[in-house]
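**Q** Would you be able to build a 3D model of this:
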Amino acid sequence: MARINLSGMGVALITPFKENESIDYDAFARLLDYQIQNGTDYLVVLGTTAETPTLSEWEKDEIKRFVVEHTKGRIPLVLGVGGNNTRSVVEHLNMDYLNGFDAVLSVVPYYNKPSQEGIYQHYAAIAQASPLPVILYNVPGRTGVNMTAETTLRLAHDFDNIIAIKEASGNITQMDDIIKNKPHDFMVISGDDGVTFPLITLGAMGVISVIGNAFPKEFSRMVRLALNGNYNQALTIHHQFTELFSLLFVDGNPAGVKCLLNLMGMIDNKLRLPLVPTRITTYEKIQEVLEKLQNLQ
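**A** Numbers count the residues shown, from 1 in each chain. Have a look, this model is predicted:
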């Protein structure tokens, strides 16, 4: 099984919608080209930022085909394949259209709060079923349960095709424990833009980014500088985005980044319920920060 290099900045793609809530494939094409032309290292399709729970199975299939056909092998692709029903996830891995994808990203089961052994067995089943390398995704703020460092390391050591973890626990000590004790070729990836810089200094390989939808050139440069040990230059860029990191999530994800992309003229500011656009106060604050950042360039 070929291993994808996840060093650098991956971007968790949004799904652009028109005002009538249909998928805006013209805007999607522009966004894909914008990523490829501005330094993004790989793309994550149908993750949380894509509002995947609001998409039909038919729409998900259409998005997969569209992204593969439009990118034409110009950039590695990771596909979100997760859920809280292990049997269903395994069925998708056996039956779904995976041509053109290089790895799958699978979130810790949400809502039903499995034990650590349940999480381990869930990922063991996925690893045994998946024809592609597997990236674990720990985000307890969304799932309601934290996958401990011990469980992550157990999976990393037991399954060769579990190649990485997207860590968004917010627990630097836990992340450092994984980095310290992981197999040599297992990759730890930041799942939170705001802690990407410090996490790279500890040994992480990069980030799967939300802010990269809007600022791929600048944020990927920060990541590369940090990976190359140019910490002072990387820190300068990190600090330029500090205010935006919190603003993008104050009204939920992807409301913040969709607001930002709308202000940049790239998409309509449209989400599907139960998600709604940012409050006007947040919109205005994001607009102010965007103007500051554009003046810096």
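
**Q** Please enumerate the strands of the stretch 51-200 of the chain.
**A** With DSSP state E, counting those that start in this stretch as the criterion, the stretch 51-200 of the chain has strands at 77-80, 103-107, 134-138, 162-167, 187-190.

**Q** mind putting the ones you listed in a markdown table, mean pLDDT included?
**A** Listed next are those as a markdown table, based on pLDDT from 0 to 100:
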| stretch | mean pLDDT |
| --- | --- |
| strand 77-80 | 98 |
| strand 103-107 | 98 |
| strand 134-138 | 98 |
| strand 162-167 | 98 |
| strand 187-190 | 98 |
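
**Q** Okay, Pro272 and Phe101: tell me how far apart.
**A** Quick fix: residue 272 reads Arg, not Pro. Separation of Arg272 from Phe101 (CB to CB, to the nearest Å): 24 Å. In this view, the C-beta of every residue, glycine as well, is placed from N, C-alpha and C.

**Q** just to revisit the earlier point, show me the one of the strands of the stretch 51-200 of the chain that comes nearest Gly8.
**A** Gly8 lies closest to strand 187-190 among those, at 9.7 Å (CB to CB).

**Q** where in this structure is pLDDT low?
**A** Scanning the chain for pLDDT under 70 picks out 1-2, 297.

**Q** Could I get the phi/psi values of Ser130?
**A** Main-chain dihedrals, Ser130, degrees, to the nearest 10: phi -80, psi 130.

**Q** That one: how many residues sit nearby?
**A** Ser130 has 24 neighbours, counted by other CB atoms under 10 Å.

**Q** Need the nearest residue in space to it, chain neighbours excluded.
**A** Of all residues not flanking Ser130 in the chain, Leu93 sits nearest, at 5.0 Å (CB to CB, 6 or more residues apart in numbering).

**Q** The one you found: how many residues sit nearby?
**A** Using other CB under 10 Å, Leu93 has 22 neighbouring residues.

**Q** residue ranges of the helices in the stretch 1-150 of the chain, please?
**A** With helices called from DSSP state H, counting those that start in this stretch, the stretch 1-150 of the chain shows them at 25-37, 57-71, 86-95, 116-129, 140-143, 149-158.

**Q** and among these, the most buried is which?
**A** Highest mean neighbour count among those (mean count of other CB atoms under 10 Å): helix 149-158, with a mean of 19.

**Q** Next, the angle from that one to helix 116-129.
**A** Counting by axes from the mean of the first three to the mean of the last three CA atoms, to 10 degrees, helix 149-158 points 20 degrees away from the direction of helix 116-129.

**Q** Just the CA coordinates for helix 149-158, please, in CSV.
**A** Coordinates of each C-alpha in helix 149-158 appear next as CSV, following Å, rounded to 0.1, in the frame of the first residue of the first chain:
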residue,chain,number,x,y,z
ALA,A,149,-2.7,8.9,23.7
GLU,A,150,-2.5,5.2,24.9
THR,A,151,-5.3,4.2,22.4
THR,A,152,-3.8,6.2,19.6
LEU,A,153,-0.3,4.6,20.1
ARG,A,154,-1.8,1.1,20.4
LEU,A,155,-3.5,1.6,17.0
ALA,A,156,-0.3,3.1,15.5
HIS,A,157,1.8,0.2,16.6
ASP,A,158,-0.7,-2.5,15.7
